[in-house]
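*Asks:* can you look at this prediction? I've put the sequence above it.
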Amino acid sequence: RAACPERRWRPLRRRMGMIFQDPNASLNPAMTLGQGVGHPLRIHGLVDDRATMRTMVAEMLDRCGLSPGERFLDVYPEDLSGGQKQRAVIARTLITQPEFVVADEPVAALDMSVRARVLELMLDLKDELGLTYLYITHDLTSARFVCDTLGIMYLGRLVEWGDAATIYGQAAHPYTDA
């Protein structure tokens, strides 16, 4: 791994985002959604004042299905359902307008009834914002729903790579087939 100075990483971090598996562990319980979702804006120097930050956060919360966004600004994570928390995590990830988002099992901690709605939200945002996702999952059903291209790993090695429809139609590796 080559060392990369902080000054080179900072602009890259703004263009990348991460959606973690567990929304309960991803949100700071001591911060309201306005503070937590807006924090990356302050870190990257994208806002100068609190009012602008709150407006941007409310718009992103609304875009991510927490509507009206203004109503959620002063709410703490403990007051949200699991699906609402994951929507807040997605809003925080997208607030800096990244181009590339790593989604690590983004629906694994959610109830089955909520999973499809969060995946639909992710697909809508992908199209709307021109995002590229690296979607990490053990759930091939959700991968089929989200991914255009699949990479199948077995015992830490990439054993299959290609168009999702092709892999689902005619898996080349026995692990994928199973």
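*Replies:* That came in fine, so what should we check first?
*Asks:* tell me which residues of the worst-scoring helix or strand of the chain on mean pLDDT are tucked away?
*Replies:* Within the chain, no helix or strand scores below helix 6-15, which has a mean of 82 by mean pLDDT, DSSP states H and E. Across helix 6-15, burial judged by 16 or more other Cβ atoms under 10 Å covers Arg14. For glycine as for every other residue, the C-beta is placed from the backbone atoms N, C-alpha and C.
*Asks:* what is the subsequent helix or strand relative to it?
*Replies:* Using DSSP states H and E, the helix or strand that follows helix 6-15 in sequence is strand 16-19.
*Asks:* tell me which strands that next one pairs with, and in which orientation.
*Replies:* Strand pairing for strand 16-19, using DSSP bridges, gives strand 100-104 (parallel).
*Asks:* quick one: mean pLDDT over the strand it pairs with.
*Replies:* With pLDDT averaged residue by residue, strand 100-104 scores 96.
*Asks:* list the buried residues for that strand?
*Replies:* Buried residues in strand 100-104 (16+ other Cβ under 10 Å): 101-103.
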